[in-house]
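Q: sequence plus the predicted model coming up.
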Amino acid sequence: MKKGIIFSGMRPTGRLHLGHLSVLESWVKLQKDYHCYYGIVDWHALTTGFDDTSELRDNVREMALDWLSVGLDPEESSIFIQSHVKEHGELYLLLGMTTPLSWLERVPTYKEQLHQFGQAGKDISTYGFLGYPVLMAADILVYRATTVPVGEDQLPHLELTREIARRFNYMYNTDVMTEPQAVLSKVKLLPGIDNRKMSKSYGNDISLNASTKEIQEKVAQMVTDPARIRKTDLGHPDVCTVHTYHTFYNEQEVSDICRDCTAGKIGCVACKKQLALKLDQFIAPIREKRAELAARPDLVDQILENGASKAREKASQTMQMIRDAMKI
Ligand code: TRP
């Protein structure tokens, strides 16, 4: 018996990399115990990317391939594209009627983001951007999700979702809105190859389906202990990015490598070779699965359409209850 309902989503704004993996791994694990709805939230991508949608469809497709290749299982979960389930849009509209403007204006990230985008010369002071958290609430509430795995940055949005749900139930004397609980995905933070936050925009990322050659190149560029010039210099693994990666991807050997590094017995080149090998072994099955799926676009379309139809089934039940409560 599954013990609850999960919704979570990601905006298809670019290719996923190794830094995204721990969130996806937590989604994969939750599949066994929950009815999971995982949405590629393309409407959310429009809230900031409405002016250039040239890559949107590609990004959606790539995201689907990434998700499926790391083990999200269409037999187990509903995997779909948000815009294919129109109920998200209907609920968004209705919640737009009941949500006070002031609640949205005081979301901590709202003004901050307006400002940040403004500095970069882009005006996102649109109705849609202000409504971002309402759309997110609709995503969750339309499945009566009990549980939402999110990163810490999304907690204010979750809290707002709960407030929106409570207000709705009170106003229409119903209990159709389920107040969701956040579960913080225990994100093990993997740094980029330069030890800053991993981000495509910094060029310090390793993509989820990097080739053997790309992996070797990226690992070769990794920042090591700056005080270590010769192999015989004693190393400091705690300041070394390669060491951090060994702790993630080479658990068996990391302590031996550490010992040899601090004793000046293994050089950075050899240490990096070992890492590249392990990383390649780790990524190889993901890469292969992805290539198989990429070669069968019809199959992927079908998976997404099945996912949408399972999602629609649940969402349309909720919407009927909501229309009844609102006397529509
Ligand atoms: N706002 C989320 C993010 O940027 C994406 C998202 C949209 C989401 N709708 C959601 C996450 C519903 C969880 C539940 O990461």
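A: Looks like it came in fine. Predicted model, so just to flag it, every value in this text is computed and none were measured.
Q: and the host helix or strand of Leu93, which residues are buried?
A: Using DSSP states H and E, Leu93 falls within helix 87-98. Residues of helix 87-98 classed as buried: Glu87, His88, Glu90, Leu91, Tyr92, Leu94, Leu95 (neighbour count, 16 or more other CB atoms under 10 Å). Quick note: C-beta positions are derived from backbone N, CA and C, even for glycine.
Q: show the backbone phi and psi for Asp298.
A: Main-chain torsions, Asp298, degrees, to the nearest 10: phi -60, psi -40.
Q: give me the number of residues near it?
A: Using other CB atoms under 10 Å, Asp298 is surrounded by 7 other residues.
Q: against the ligand, how distant is it?
A: To the ligand, Asp298 is 28 Å away according to CB to the nearest ligand atom, to the nearest Å.
Q: cool, Gln317 as well?
A: In terms of CB to the nearest ligand atom, Gln317 sits 19 Å off from the ligand.
Q: share the number of residues neighbouring that residue, please.
A: Neighbours of Gln317 using other CB under 10 Å come to 14.
Q: let me see the domain layout of this protein.
A: Per automatic domain parsing, the structural domains of the chain span 5-190+297-326, 200-290.
Q: now mean pLDDT too, for those, in TSV please.
A: Formatted as TSV, the domains of the chain follow (pLDDT from 0 to 100):
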stretch	mean pLDDT
domain 5-190+297-326	96
domain 200-290	94
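Q: ok so Gly19 is a helix residue?
A: Yes - counting by DSSP: H, G, I helix; E, B strand; the rest coil, Gly19 is part of a helix.
Q: Met198 is in contact with that one, correct?
A: Yes - using CB atoms under 8 Å, Gly19 makes contact with Met198 at a distance of 3.5 Å.
Q: which residues are common contacts for those two?
A: Leu190, Gly192, Asp205 (CB atoms under 8 Å, 6 or more residues apart in numbering).
Q: list buried residues within these.
A: Leu190, Gly192, Asp205.
Q: so which of those comes closest to Thr174?
A: Leu190 (43.7 Å; CB to CB).
Q: isn't the closest one up against Thr241?
A: No - Leu190 lies out of contact with Thr241 (CB under 8 Å); the separation is 9.8 Å.
Q: element containing the residue of the chain most remote from its centre?
A: Most distant from the centre of the chain: Thr232, at 42.0 Å, with distances by CA atoms, centre = their mean. Counting by DSSP H and E, there is no helix or strand that carries Thr232.
Q: that one contacts Gly264, correct?
A: Yes - contact status for Thr232 versus Gly264: in contact at 4.6 Å, counting by CB under 8 Å.
Q: show me which residues of the stretch 51-200 of the chain sit near the ligand.
A: Residues of the stretch 51-200 of the chain that fall close to the ligand, judged by CB under 6 Å from any ligand atom: Met136, Asp139, Ile140, Val148, Val150, Gln154.
Q: look up phi and psi at the nearest residue to the first one once chain neighbours are set aside.
A: Take Met136 and drop its neighbours on the chain: the residue closest to it by CB to CB, 6 or more residues apart in numbering is His157, 5.3 Å away. With angles defined as degrees, to the nearest 10, His157 shows backbone torsions of phi -70, psi -40.
Q: try Thr178
A: Dihedral angles (degrees, to the nearest 10) for Thr178: phi -100, psi 130.
Q: I'd like to know how many residues surround it.
A: The burial count for Thr178: 19, using other CB under 10 Å.
Q: quick one: it from Glu253, how far?
A: 46 Å (CB to CB, to the nearest Å).
Q: likewise Pro100?
A: 56 Å.
Q: so which of those two has more stuff around it?
A: Neighbour totals were compared for Pro100 and Glu253, and Glu253 leads with 15 against 11 (other CB under 10 Å).
Q: how near is Gly111 to the ligand?
A: Just so we're on the same page, residue 111 is Lys rather than Gly. Lys111 is 17 Å from the ligand, by CB to the nearest ligand atom.
Q: how many residues are close by that residue?
A: 11.
Q: stretch 99-112 spans what distance, first to last residue?
A: 21 Å (CA to CA, to the nearest Å).
Q: tell me which residues in it are buried?
A: Thr99, Leu104, Val107, Tyr110.
Q: mind checking how far Gly71 is from Ser77?
A: Distance of Gly71 to Ser77, given as CB to CB: 10 Å.
Q: what of Asp52?
A: Taking CB to CB, one finds Asp52 at 31 Å from Ser77.
Q: the more surrounded of those two?
A: Neighbours around Asp52 and Ser77, counted as other CB under 10 Å, are more numerous at Ser77. The numbers are 22 against 7.
Q: apart from its neighbours in sequence, what residue is nearest Gly307?
A: Phe80 (3.6 Å).
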